[in-house]
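>>> Okay, structure incoming, though there's no sequence with it:
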């Protein structure tokens, strides 16, 4: 790859995830403290990601893939997104704030596929070249979290009470505008030639791959993928609010340990996968969810703070060992004809349906264990720990695929 192109793609990835990491992690404490949102309302804010994931295939599949260059659509979506972020920054209450976040996520989620399309279009060997580009996205998310905690101190107890977390939306809006303008300098990524073929909505959503569910083992995995998104939603919605509430210093910065862990464990995944196989890789991922929430339940800001750090660091095992290995398993079961459709289906099921259910339940549980503004965090974390443990046991009992699933190292 041309070095200048590689630099452009790396900058694109950095900004793409800097924008998301700049506001998404801290939205929970911001909504609770500054907008006086209930747990259910905070859950609704986070579920906008799911609505975005459900709508995204229509934008990418029906517009980007057929009519316009991917880099140009990327630019337009991020420029409009910058305006919505600025409006969210100015919003005074939850009723004004929610529509801007919903609109933003409907526009943002398609850009995750668009940045991949722009990158893949410049690569001859995606397996070797993509990771060196994609890692800059993880770095962007980490830098955003470190800036919030250690550069601007917006999430400190004093500044949180002053409403300084609203500046995260302004920061992300500025970065979104920069990325939007920068996108027009990216390599041209023209739409795919249709060759006169009509694309159905079922194909766009990956529903052609539903026939995979006739395989009992894949059906078990598919259902487990949706169910494990329930405890996953608890982490996204409550982790930063929890750390802030119990007075952990620089909570947003400390949560970047999770992204560092994610980058590290994805390198270990092929080795573990090859030695122990798909089933036990998935089981370890589920076990990590249960363990991390148990650590959150019993950890504190004092002598047991190490439990919280370990729990955050387990994010790499939780995410990579379940979701990444699940994508590999899906790819191996789909076969050449349904590879793209199958990935679209599992993404829609997890980030769409699964997370939507998860955020709803997380909101209800957060409200149920909130008395007079005081959260019973022990119960709030033990419940998703129990859900993860039950899903793990059911998966162990009913999944029995003995076929060899290969992962390239």
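Good, I have the coordinates. All figures in this text were calculated on a predicted structure; none of them were measured in a lab.
>>> list the contacts for residue 306?
By CB atoms under 8 Å, 6 or more residues apart in numbering, residue 306 lies in contact with residue 299. C-beta: built from backbone N, CA, C; applies to glycine.
>>> in the strand or helix carrying it, what's buried?
For residue 306, the host element (DSSP states H and E) is helix 305-313. Of all the residues in helix 305-313, those buried under the rule 16 or more other CB atoms under 10 Å are 305, 307, 308, 311, 312, 313.
>>> Reformat those residues as CSV; add distance to residue 182 and pLDDT.
Output for those, formatted as CSV (distance: CB to CB, whole Å; pLDDT from 0 to 100):
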residue, distance to residue 182, pLDDT
305, 40, 95
307, 41, 96
308, 37, 96
311, 36, 96
312, 31, 96
313, 33, 95
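>>> Closest one to residue 151 out of the residues you listed, please.
Closest approach to residue 151 among those (CB to CB): residue 312, at 19.9 Å.
>>> tell me the contacts of the closest one?
Taking CB under 8 Å, 6+ apart as the test, what residue 312 contacts is 239, 254, 255, 257, 258, 261, 292.
>>> all helices for the stretch 301-409 of the chain, in order.
In the stretch 301-409 of the chain, the helices defined using DSSP state H, counting those that start in this stretch lie at 305-313, 315-319, 325-334, 339-347, 355-368, 377-398.
>>> in the stretch 301-409 of the chain, which segments are predicted with low confidence?
Low-confidence segments of the stretch 301-409 of the chain, defined by pLDDT under 70, span residues 335-341, 402-409.
>>> Please repeat the previous calculation with a cut-off of 80.
Within the stretch 301-409 of the chain, the stretches with pLDDT under 80 are 331, 334-345, 401-409.
>>> Could you tell me how many residues sit around residue 400?
10 (other CB atoms under 10 Å).
>>> contacting residues around it?
residue 217.
>>> Out of the contacts of residue 312, which end up buried?
239, 254, 255, 257, 258, 261, 292.
>>> Which helix or strand contains the fifth one?
Okay, so that is residue 258. helix 251-298.
>>> was I right about residue 45 contacting residue 27?
Yes - Residue 45 lies in contact with residue 27 (CB atoms under 8 Å); the separation is 6.1 Å.
>>> anything in contact with each of the two?
With CB under 8 Å, 6+ apart, residue 45 and residue 27 have common neighbours residue 101.
>>> any idea what residue 86 is structurally, helix, strand or coil?
State at residue 86, reduced to three classes by DSSP: H, G, I helix; E, B strand; the rest coil: helix.
>>> Tally up the residues packed near it, please.
18.
>>> That one touches residue 172, doesn't it?
No - between residue 86 and residue 172 there is no contact under CB under 8 Å: 9.6 Å.
>>> mind listing what the closest residue in space to residue 265 that isn't next to it in sequence touches?
Counting by CB to CB, 6 or more residues apart in numbering, residue 265 lies nearest to residue 316, which is 3.4 Å off, once chain neighbours are set aside. Counting by CB under 8 Å, 6+ apart, residue 316 touches 258, 260, 261, 262, 263, 264, 265, 266.
>>> Could you dump the buried ones among the contacts of residue 312 into a markdown table with distance to residue 145 added?
Formatted as a markdown table, the buried ones among the contacts of residue 312 follow (distance: CB to CB, whole Å):
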| residue | distance to residue 145 |
| --- | --- |
| 239 | 12 |
| 254 | 8 |
| 255 | 6 |
| 257 | 9 |
| 258 | 9 |
| 261 | 13 |
| 292 | 18 |
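>>> Among those, which one sits closest to residue 17?
Distances from residue 17 to those, taken by CB to CB, are shortest for residue 258, at 13.2 Å.
>>> on that earlier part again, what's the angle from the helix holding residue 258 to helix 305-313?
110 degrees (axes from the mean of the first three to the mean of the last three CA atoms, to 10 degrees).
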